[in-house]
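A.B. asks: Okay, structure incoming, though there's no sequence with it:
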């Protein structure tokens, strides 16, 4: 039984005064769809989503939404005039008495619903827009970068919430782990065309590379054919002029076909060279503490950083990751303790606020006006790792065209600003690289390249990021800021930290049980612990329940992983999906119940 469409786009064409963004585009979004919308920065992902939401009118074609179907769009820069608080805005589309939904969602997203809209940051406003969309629970959600400005804990909450919903959604994100977990289909925008594959993002890169390989093969065959026809034209056309005008026209058609092919956008030319070799010990923190008023950021923390270390800092927003980073490089002083910096350090820093970029300056002036990049007497050149480069040529390495060179920085997208800042810091020779949220807004191809560059970098890297996949690829050590001044050092990246933390917790529980006196299970003794006899029995049986649910979930995930299941038997696929959602909900409830009973016991 076919699923009903929630949205259908037919023959959509759109231009903004230049080359077409889309041409004769058609696509359908159906009930239960969980779609990743992917493509390079500037390919038109957000524009396509705005067309879906009815916020951008196409030049031709139409968008059809069945009567009664609700479609919601997460606004990037929401208008909040007329609302006093972020919570008022988020609840504005709800019926009377449904405000509680916003409170529940705000807790998961770490949004203060009482925050003043006039003083709210861009990140807080975006979280309010996400809370509004999720509280309204439309039949189709359009999510444009929902994880931006969320910390890892909030991303995890959002991930679990979207896993359990029956609402269809299309999402744009550069967070690989998030897309891998949530999507079952992929829409790929590439040079104005939109392709669809009925597999989630985890299969995207293999699919993309196959398409490009086939395209390259076709282009190679076309080039060989043009060469053969052109050779014939030179050697034989004069003798057979009248008979072979058709073949000449065919050659012209082949050349026109080649001319009409749109060249794929390349990747940014990221190159990083270490400066003079630093000392073996880059820095050392000895029993440092830091507090702002009553809020303790760090307490009795020590760390040694060696040359070539790759250290990641993770934790909730506001836990103090950037503060610790700034203390380690000497920008902020600890209240007590000592920071010792090594010798011969050459620092390059990528700050999350992009404060190194003046929004009113042009891209050209941003580079040529940088004292570290200025070439004396040359207004059109910049110094790149000790060698002069023409400013436009260097900007092209980072996918900016000549017209953009004189445009103001404020006209750039978030991803373009990140690339411009990378252009500035990668021009310098360094041996200590500080990256505070470098992954925000960068497309996946640029993230891949940045990861490779960091792998080859001969210096030391200090990194703050909420991108779990990027942390796993880059970090050799993870420092978890766990609140109340606690910072714990773990070996490896995000996944290693998670597994080690789980092992430590399990060991602590086992130690606690081993040192605790054996419990008297008589009804009188059980009541003395704070648990009823029934609750004590439930506590003892829950581990087996959790184990059974985990096994059932694993079987269902294996069953649904068959890429042909959806087309072969959509009814069975839907039943399996519903069962998986149900088991995940049951598992979450069982784990929460076990934690509650264990704590009370």
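C.D. replies: Structure's in. What do you need? Keep in mind that this is a model prediction, so the values were computed, not measured.
A.B. asks: Spit out the contact partners of the residue positioned nearest the centre of the chain.
C.D. replies: Residue closest to the average C-alpha location in the chain (CA atoms, centre = their mean): residue 175, at 2.5 Å. Contacts for residue 175 (CB atoms under 8 Å, 6 or more residues apart in numbering) come out as 147, 155, 467, 468, 469. C-beta coordinates here come from the backbone N, C-alpha and C atoms, glycine included.
A.B. asks: my guess is residue 298 is in a strand, correct?
C.D. replies: Yes - counting by DSSP: H, G, I helix; E, B strand; the rest coil, residue 298 falls inside a strand.
A.B. asks: My guess is it contacts residue 288. True?
C.D. replies: Yes - using CB atoms under 8 Å, residue 298 is in contact with residue 288, at 6.2 Å.
A.B. asks: What's the separation between residue 30 and residue 54?
C.D. replies: Separation of residue 30 from residue 54 (CB to CB, to the nearest Å) stands at 19 Å.
A.B. asks: So for these two, which residue has more residues nearby?
C.D. replies: residue 30 (16 against 11; other CB atoms under 10 Å).
A.B. asks: nearest residue to the more buried one other than its sequence neighbours?
C.D. replies: Closest residue to residue 30 apart from its sequence neighbours, by CB to CB, 6 or more residues apart in numbering: residue 3 at 4.2 Å.
A.B. asks: Residue 437 too?
C.D. replies: Closest to residue 437 by CB to CB, 6+ apart is residue 352, at 3.7 Å.
A.B. asks: and residue 382, which of the three is it?
C.D. replies: Residue 382 is classified as strand under three-state DSSP.
A.B. asks: Which ones among the contacts of residue 175 lie within helices?
C.D. replies: Mapping the contacts of residue 175 onto helices (DSSP state H) picks out 155, 468, 469.
A.B. asks: residues shared between the contacts of residue 298 and residue 288?
C.D. replies: Both residue 298 and residue 288 are contacted by 327, 334, under the criterion CB under 8 Å, 6+ apart.
A.B. asks: and the residue nearest to residue 30, what is it in contact with?
C.D. replies: By CB under 8 Å, 6+ apart, the contact set of residue 3 is 30, 31, 32, 570, 574.
A.B. asks: Give me the distance between it and residue 579.
C.D. replies: 17 Å.
A.B. asks: what's the answer for residue 305, then?
C.D. replies: Here residue 305 is placed at a distance of 49 Å from residue 579 (CB to CB).
A.B. asks: These two: which is more packed in?
C.D. replies: Ranked by neighbour count (other CB under 10 Å), residue 305 and residue 579 place residue 305 first, with 19 against 16.
A.B. asks: Got phi/psi on the more buried one?
C.D. replies: Backbone geometry at residue 305, expressed as degrees, to the nearest 10, gives phi -110, psi 120.
A.B. asks: How about it: which residues does it bridge to?
C.D. replies: Residue 305 has these beta-bridge partners by DSSP bridges: residue 283.
A.B. asks: Distance check, it against residue 474.
C.D. replies: As judged by CB to CB, residue 305 and residue 474 stand 15 Å apart.
A.B. asks: what mean pLDDT does the helix or strand harbouring residue 365 have?
C.D. replies: Assessed by DSSP states H and E, residue 365 sits inside helix 363-368. Taken as a whole, helix 363-368 has a mean pLDDT of 92.
A.B. asks: Residue numbering should commence at 58 henceforth.
C.D. replies: I'll keep to 58 as the first residue from here, and by that count the last item is helix 420-425.
A.B. asks: That one packs against which elements?
C.D. replies: Using 3 or more CB pairs under 8 Å, 6 or more residues apart in numbering; DSSP states H and E, the elements in contact with helix 420-425 are strand 435-441, helix 448-454, helix 471-483.
A.B. asks: let's go with 10 Å and repeat that
C.D. replies: Where contact means 3 or more CB pairs under 10 Å, 6 or more residues apart in numbering; DSSP states H and E, helix 420-425 is packed against strand 431-432, strand 435-441, helix 448-454, helix 471-483.
A.B. asks: most packed of those?
C.D. replies: Most buried of those by mean neighbour count (mean count of other CB atoms under 10 Å) is helix 471-483; its value is a mean of 21.
A.B. asks: Could you give the separation of it from the chain centroid?
C.D. replies: For helix 471-483, the separation from the chain centroid amounts to 17 Å (computed by CA atoms, centre = their mean, to the nearest Å).
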